[in-house]
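A.B. asks: 3D, please:
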Amino acid sequence: MVGAVTANSDSGCIMAVDRLQGGFDAADANAADFQDSTFKPTGPSAIWLEGLNARADYKWYEESLKSESIFFSRLSTQYPDAELFGNISPDSVRQGKADTSYLMAAAASLAKYPDRVKALFTNTDATSGAYNVNFHIRGKPWTVSVDDIMLFEGKRDNARLHFAKRGKDGSLWGALLEKAWAKVKGNYILAGDGYNKNAVRALTGLPVDEYFSKDFSSTADMLNSAWNGVQKELADGSIIIAATAGSGEIVANNQCGISMAHSLSVIDAFTMKDKKGNEFKVMLMFDPKGKHGYSWRWSNTDPKWTDDLVS
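C.D. replies: Have a look, this model is predicted:
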């Protein structure tokens, strides 16, 4: 039996390193009913279904599987008509029950460039259920193979993915990307609470710049510098993520209505003018949870949204 470990424990890191050193052989996309023997749906390699009594929250999985309120099935069985890519956009990304907002936000930002998302997948038509996903890990390109056996919740005739969901367009690439990343990290639990910069590097293989609010002399300086920088970097095709403060144990929202210790995709930076000629600098962000909890300035319900600004 294998006991549960936390995402930052030494044993968890060793699992991930061992997995990298062992390498990932690309699976044959044409093989019949491919099942990944190195990342099985049950047992410690996936979500710690063995020895979960060490942590009550992990034990929930064990009990739920017994009651069949969650179950494993192939994507091709549950969603026979779904496409891998569909209409690629940030809306293709939907975070599920894993704490992977850092990865999902990076994926949503990358989705502004559909060809870059498609380049993450070596094969796009996997009738066998085998998918090969390209990452850059520690500066080196890796192809990680996974099958399409996923964890679902609800009734089998109307089930939903438990971890990363299908996109708004019904696409599957976000869920498969998260599964491949969970395999790299060791399992879905270890994949939680990561660093934004590591996710961007993994998806692009490019160097990453990081900025913190404490590095600026004032709030006004931070806001102006951030907006100017974001507009320039987006124009150059950069991938940008923002993150809220907090620790991984915090599940509450901040004063703006956004989850703490949470990552968001930065989609655009632009200016608006009202009828009086007042100019406003605005940034558009996407929450990979797919929810619109933001409740501060320029939220959906802010009365400052006049007809001329909306148009």
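A.B. asks: alpha carbons only: can I get the helix or strand hosting G229 in PDB?
C.D. replies: In the assignment (DSSP states H and E), G229 maps to helix 219-235. Taking Å, rounded to 0.1, in the frame of the first residue of the first chain, the C-alpha atoms of helix 219-235 are listed here in PDB:
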ATOM      1  CA  THR A 219       0.000  51.000  -7.000                       C
ATOM      2  CA  ALA A 220      -0.300  53.500  -9.800                       C
ATOM      3  CA  ASP A 221       3.200  52.700 -11.000                       C
ATOM      4  CA  MET A 222       2.400  49.000 -11.000                       C
ATOM      5  CA  LEU A 223      -0.900  49.400 -12.900                       C
ATOM      6  CA  ASN A 224       0.600  51.700 -15.600                       C
ATOM      7  CA  SER A 225       3.700  49.500 -16.000                       C
ATOM      8  CA  ALA A 226       1.700  46.300 -16.100                       C
ATOM      9  CA  TRP A 227      -0.700  47.600 -18.700                       C
ATOM     10  CA  ASN A 228       2.000  49.000 -20.900                       C
ATOM     11  CA  GLY A 229       4.100  45.900 -20.600                       C
ATOM     12  CA  VAL A 230       1.200  43.600 -21.300                       C
ATOM     13  CA  GLN A 231       0.100  45.500 -24.400                       C
ATOM     14  CA  LYS A 232       3.600  45.400 -25.800                       C
ATOM     15  CA  GLU A 233       4.200  41.700 -25.000                       C
ATOM     16  CA  LEU A 234       0.900  40.600 -26.400                       C
ATOM     17  CA  ALA A 235       1.600  42.400 -29.600                       C
END
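A.B. asks: how far does that helix sit from the chain's center?
C.D. replies: Computed by C-alpha atoms, centre = their mean, to the nearest Å, the chain-centroid distance of helix 219-235 equals 24 Å.
A.B. asks: cool, and stretch 121-136?
C.D. replies: 18 Å.
A.B. asks: ends of that stretch, what's the gap?
C.D. replies: 13 Å (C-alpha to C-alpha, to the nearest Å).
A.B. asks: contacts for that stretch, please.
C.D. replies: 26-36, 74-76, 84-85, 118-120, 141-149, 173, 176-177, 180-181, 184, 201-205 (C-beta atoms under 8 Å, 6 or more residues apart in numbering). In this view, the C-beta of every residue, glycine as well, is placed from N, C-alpha and C.
A.B. asks: what pLDDT does the model give W142?
C.D. replies: For W142, the model assigns a pLDDT of 91.
A.B. asks: and it, how many residues sit next to it?
C.D. replies: The number of residues packed near W142 is 17, by other C-beta atoms under 10 Å.
A.B. asks: where does the stretch 51-200 of the chain dip in pLDDT?
C.D. replies: 51-58, 125-126 (pLDDT under 70).
A.B. asks: now with 90?
C.D. replies: 51-68, 81-82, 97-99, 123-130, 137-140, 145, 155-158, 183-194 (pLDDT under 90).
A.B. asks: so where do the strands sit in it?
C.D. replies: 70-74, 130-137, 140-147, 149-153, 160-161 (DSSP state E, counting those that start in this stretch).
A.B. asks: quick check: domain ranges of this structure?
C.D. replies: In terms of domains, the chain is parsed into 10-204, 213-310 (source: automatic domain parsing).
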